[in-house]
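My questions are about this predicted structure, shown below with the sequence.
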Amino acid sequence: SPAGLQNDHKALMKQVEEALHQLHAREKEKHAKDEAEALAEAMSQKQSLPQAFAKVNAVTPGSPASISGLQVDDEIVEFGSVNVNNFQSLQNIATVVQHSEGRPLSVTVIRSGKKVHVGLTPKRWAGKGLLG
């Protein structure tokens, strides 16, 4: 009978509708989860930036520091064996520099929110100091 068919059709539409609702709800949850994960990742990246103990305030052109690619405003987080945990004063860096004359030092800086590794070889040059 035609009435019977119509009921089936209604029931079917209801099922489709429910399925769609569930799908949307799932999509929404998934989206929220993606956003939360993206946020968590951004936060952890912020936190995983090490603490800087010094800032590059000048780089003399032609100096070993400038040749290595150090830039003004780079925040130094590691300078050879010196890092924020054992840094006491700039004298620490001076000592490392003197001991490393002519040998590449691994320097890590934070530049515009990212960690950048710089290879720096302290050496005698026209200017003063071993770095400039």
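Received the coordinates, thanks.

what's near enough to touch residue 79?
By Cβ atoms under 8 Å, 6 or more residues apart in numbering, residue 79 lies in contact with 54, 93, 96, 105, 107. Backbone N, C-alpha and C define where each C-beta goes, glycine included.

so which one among the residues you listed has the lowest pLDDT?
The member of these with the lowest pLDDT is residue 93, and it reads 86.

Might one say that that one is in contact with residue 54?
Yes: between residue 93 and residue 54 a contact is recorded at 7.1 Å, counting by Cβ atoms under 8 Å.

Who does the most centrally placed residue in the chain form a beta bridge with?
The C-alpha lying nearest the average C-alpha coordinate of the chain belongs to residue 114 (Cα atoms, centre = their mean; 4.4 Å). Assessed by DSSP bridges, residue 114 has beta-bridge partners residue 111.

distance of it from residue 104?
With distances taken as Cβ to Cβ, to the nearest Å, residue 114 is found 21 Å from residue 104.

Now the common contact residues for residue 93 and residue 54.
Contact criterion Cβ under 8 Å, 6+ apart; residues shared by residue 93 and residue 54: 79, 87.

Starting from the strand or helix carrying residue 31, tell me the next helix or strand along the chain.
With the criterion set as DSSP states H and E, the secondary-structure element containing residue 31 is helix 2-48. Tracing the chain C-terminally past helix 2-48 and defining elements by DSSP H and E, one meets strand 54-55 next.

Parallel or antiparallel, which strands does that following strand pair with?
Paired neighbours of strand 54-55 in the sheet (DSSP bridges): strand 75-79 (antiparallel).

tell me what the next helix-or-strand element following the partner strand is packed against?
With elements assigned by DSSP H and E, the helix or strand that comes after strand 75-79 is strand 82-83. Other elements packing on strand 82-83 under the criterion 3 or more Cβ pairs under 8 Å, 6 or more residues apart in numbering; DSSP states H and E are helix 90-99.
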